[in-house]
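[1] sequence below, structure please.
(2 chains)
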Amino acid sequence: MKRRIDLGLLYSRSGSYSLISEACRTGAMTAIAEINADPAMDVAFVAVERDPQGNIDLYAPLCEEILRDSSARHVVGCVTSWSRKEVIPALERCGGSLWYSVPYEGFEASDRVVYTHACPNQHLLPLLSWTFGAYGRRGYLTGSNYIWGWEMNRLAREVMAAAGGEVLGERYLPLGSTEVGRMIEEIEVTRPDFVLNQLIGPSQYAFLAAFRELGRRDPHFRPGTCPILSCNLTECELPAIGAEAAEGLVAAGPWFRGAGGWPHPGSFGSSHEAASHATVWRLARLLHGRAGAETLPLAQLLDTPVNAELGIDTRTHHVSLPVLIAQVQDGAFRVVKREGPLAGDPYLARGREIPAAPHLRAVT
Amino acid sequence: MKRRLRIPNLGGARAMILHRPHPVVQALSRQLEAIGLEVECHWPDLPGAAIGADYIFFDADLGHDEQFPWQPGTAPMPLVALVGSEAPGRIEWLINIGADAQILKPVGDSGAYSALLIARSAFEARNALAAEIADLKGRLDKRQVVVQAVAVLAARGKSEDESYAMLRQLAMAWRVSFEIAAERIVAGARPGGAEDAHG
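    Take a look at the predicted model:
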């Protein structure tokens, strides 16, 4: 007889980042279905879903609603860091925990959150290190106007300065804005070795299309000499970007579709889907065979030998992950570098220096 | 003036918490350890070894000067006050002991990281200003010597401007400050002085 346990799901099914959000939701729902059908697991999850529709002000009230109106103590969800920071006070008030399964900018270690995706020592730093060696150290920084872009670019600026690189420009767009003209002009004039892309949703799609146009006019702005780098781009957004604009994009992440090392056997549409799938399975394994464990505070829930296999750090609530750098070739990500697994280091306590790889690009 | 924040490397930094055993200490320790610091807790007094700590968090509610192995306002590291009571007398005391930042009690899930950064930044800014003020004070005190040195040089038939320029050249040649060069010139001009030895 399985224990039926309410599990909160807080994903936006519309709004500017709904492609990522839907991918995460699909992965979570797939995992719930698998766990419920698995006779070896003594838990079954009942999804308690709320949809904030991409509206930042709905996250905290809806999270509170899940924790108040159901017996769920665990919520899987949130895509943006802004929404995650919004729900933490609600989690504290109602005694809940959030399982957050997308890459983020680090510098957080809430007692109420488990961070199951990568932070900068697992995405940005290895990506910049590889890029410095392969393309050069002069970069242009872009981002959507909220904490992810600000903090990622602040760290990139610091790392680039320490490595003798140069930041040629830094510009932000409001969420949803597609006015990319000025960014493109600045990039055209400054001719960077790479562009760091922290834009999300429609802003990102408009920017990538305009950059592709720029590459048509001027061969410097093609992937061979000036790639676009992302720390949160996965397969789920390639259709929206379009085959032509997607070609040559470089991304860092723990998994890419088709590359070895998927966290769980399964044919996922994207690594966002795989990540939230793995997250729900992690929670199920922690609850399996421990009646009542679903009401434990995270510190006690994680204090079990099972967690040694799951790799959730009991101090930081971050996980150990492989680090892959991949480039889109013929419509799919091909891995160009693989390292790790690397433990999440949210406050960069183990340092932020990146190896000063020699600049190998041939002068033509 | 806009300052670009230099993020200190906190991995392995040592924090001491001066607070009686209490959930505040647990919540704060959890945050500090997640950030990567090593944490030691003390009560009722800080040990002499506290001088080697990188940060001190102290209870502002029950605190008093004698808990610290140094004089109020002279802590050799950033101090963060843990504030429960906002009574004016307690605030006055924490200001005098030299708090660089504060965290309000009860301590929950956050607050330590910003307090660490703000305290470090305030501590360094305060030290830099104190060093600059000490330097300027020293130079002010030596104004009289500079005037005397210019008079010594002018007595050899130079104009005041020429004497001043010469004093500057001597300071550069001797690789000392303007004021120290002036002291040497004045000393050398006294009976039995050795000005020529500096040439």
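
[2] tell me which parts of chain A are close to chain B?
    A:88, A:92, A:107, A:109-112, A:158, A:315-317, A:345-352 (CB under 8 Å from any CB of the partner chain). Yep, even glycine has a C-beta here, placed from its N, CA and C like the rest.

[3] give me the buried subset of these.
    Buried residues within these, counting neighbours by 16 or more other CB atoms under 10 Å in any protein chain shown: A:88, A:107, A:109-112, A:158, A:316-317, A:345-349, A:352.

[4] pick out the most distant pair among those.
    A:112 and A:158 (28.3 Å; CB to CB).

[5] what about residue A:271, how many residues nearby?
    28 (other CB atoms under 10 Å in any protein chain shown).

[6] repeat for residue B:33
    For residue B:33, using other CB under 10 Å, the count is 17.

[7] now it, nearest residue through space, not along the chain?
    residue A:315 (5.4 Å; CB to CB, 6 or more residues apart in numbering or on different chains).

[8] ranges for the helices of chain A?
    Assignment of helices within chain A using DSSP state H yields the ranges A:18-37, A:59-69, A:81-94, A:124-134, A:147-162, A:181-190, A:201-217, A:238-241, A:243-246, A:271-287, A:298-301, A:305-310.

[9] outline the domain layout of chain A.
    Using automatic domain parsing, the domain parsing of chain A gives A:3-118+A:257-321, A:121-253+A:322-343.

[10] any residues of chain B in contact with chain A? List them.
    B:7, B:9-12, B:30-31, B:33-36, B:108-110, B:113.

[11] go with 6 Å
    Residues of chain B lying near chain A by CB under 6 Å from any CB of the partner chain: B:11, B:33-36, B:109.

[12] so what's the residue of the stretch 1-150 of chain A found nearest chain B up against?
    Going by CB to the nearest CB, chain B is nearest to residue A:109 of the stretch 1-150 of chain A, at 3.7 Å. Residue A:109 makes contact with A:316, A:346, B:34, according to CB atoms under 6 Å, 6 or more residues apart in numbering or on different chains.

[13] which one of those residues sits closest to residue B:60?
    Among the contacts of residue A:109, and counting by CB to CB, the member closest to residue B:60 is residue B:34, at 23.6 Å.

[14] what helix or strand does that closest one sit in?
    Using DSSP states H and E, residue B:34 sits within helix B:23-35.

[15] dump that helix to PDB, restricted to CA.
    Extracted as PDB, the C-alpha positions of helix B:23-35 are listed here (Å, rounded to 0.1, in the frame of the first residue of the first chain):
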ATOM      1  CA  PRO B  23      18.400  29.400  18.500                       C
ATOM      2  CA  VAL B  24      19.900  32.700  17.200                       C
ATOM      3  CA  VAL B  25      23.300  31.000  17.300                       C
ATOM      4  CA  GLN B  26      22.100  27.900  15.400                       C
ATOM      5  CA  ALA B  27      20.400  29.900  12.700                       C
ATOM      6  CA  LEU B  28      23.400  32.200  12.300                       C
ATOM      7  CA  SER B  29      25.900  29.300  12.300                       C
ATOM      8  CA  ARG B  30      23.900  27.500   9.600                       C
ATOM      9  CA  GLN B  31      24.000  30.500   7.400                       C
ATOM     10  CA  LEU B  32      27.700  31.200   7.900                       C
ATOM     11  CA  GLU B  33      28.700  27.600   7.400                       C
ATOM     12  CA  ALA B  34      26.600  27.400   4.100                       C
ATOM     13  CA  ILE B  35      28.600  30.500   3.000                       C
END
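
[16] per-residue pLDDT, residue A:350?
    Looking at residue A:350, its pLDDT reads 87.

[17] over to residue A:288?
    97.

[18] for it, give its distance to residue A:96.
    20 Å (CB to CB, to the nearest Å).

[19] so for those two, which sits in the more crowded spot?
    Each of residue A:288 and residue A:96 has its neighbours counted (other CB under 10 Å); residue A:96 has more, 22 against 16.

[20] just give me the longest helix of chain B.
    Max-length helix for chain B by DSSP H is helix B:112-141.

[21] ok, and for the following helix or strand past that one, which residues are buried?
    Remark: after helix B:112-141, the chain's next helix or strand is helix B:143-154, criterion DSSP H and E. Buried residues in helix B:143-154, counted by 16+ other CB under 10 Å: B:145-146, B:148-150, B:152-154.
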